[in-house]
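K.L.:
What shape does this take:
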Amino acid sequence: MKKIKALYKKIFLLPLVKLLIKLNITPNLITILSFIIALFAFIAYKNGVFWLGGIILFFSSILDTFDGEIARQTNRVTKFGGFLDSTLDRVNEFLIYLGLFVYYYHRMDYVLYWILFALFGSLMVSYTRARGEGIGISPQVGLFERFVRLLFLIIGSFLGPEIMVYVLIIIAAGTFITALQRIFYLLNNSKSVD
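P.N.:
Model prediction:
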């Protein structure tokens, strides 16, 4: 996973970030644009146009990687910028699950539970990391970090509503396991901090 991220950064991310810096685009503007694009993904999912939702989610996810890199390269890293980015990341993820919830409501009601479990698990993965970093330990363990969750959602979008059900089950299980891994990591590593 680290090799894929490094390759993406070198070939794709850094050249586009340099262009955005030349255009004087601020990190917070990128964060807000990512949120606006996620609203369109919500509309696509709720209307059952999953392939379009997947395309929009793909672009929203890519855009979301730009803000932090622009902030670092232009020395615009701020506490508020980090807060805004993390907050809107959670909102964007919620919008995707809400769109799916609206679509499956009264179509395949049992899927609603998996959507809620996937959303809860996603929030717990993020929350355990944030709280861990709040006590000085960064629990970056477990497979189902945000990048992987979005990748699964994008793939599921292109495979259609029937397959998306299984993707949601995988995300729900994977995020639950990842959150537990982070809790145990914090438990084992906080003894040295106390």
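K.L.:
And the residue nearest the centre of the chain, how far from residue 114?
P.N.:
With distances taken as CA atoms, centre = their mean, the residue of the chain nearest its centroid is residue 146 (3.8 Å). Here the distance between residue 146 and residue 114 works out to 19 Å (CB to CB, to the nearest Å). Glycine gets a C-beta too; all of them are placed from N, C-alpha and C.
K.L.:
where's the residue nearest to the centre of the chain relative to residue 163, distance?
P.N.:
Shown here: residue 146 relative to residue 163, a distance of 21 Å by CB to CB.
K.L.:
repeat for residue 88
P.N.:
28 Å.
K.L.:
Neighbour count for the two, which is higher?
P.N.:
residue 88 (20 against 14; other CB atoms under 10 Å).
K.L.:
by contact count, what packs against the host helix or strand of the more buried one?
P.N.:
Using DSSP states H and E, the element containing residue 88 is helix 79-104. Taking 3 or more CB pairs under 8 Å, 6 or more residues apart in numbering; DSSP states H and E as contact, the helices and strands that helix 79-104 lies on are helix 27-46, helix 50-73, helix 110-134, helix 146-159, helix 161-193.
K.L.:
chain center to it: distance?
P.N.:
Shown here is helix 79-104, whose average C-alpha point lies 8 Å from the average C-alpha point of the whole chain (CA atoms, centre = their mean, to the nearest Å).
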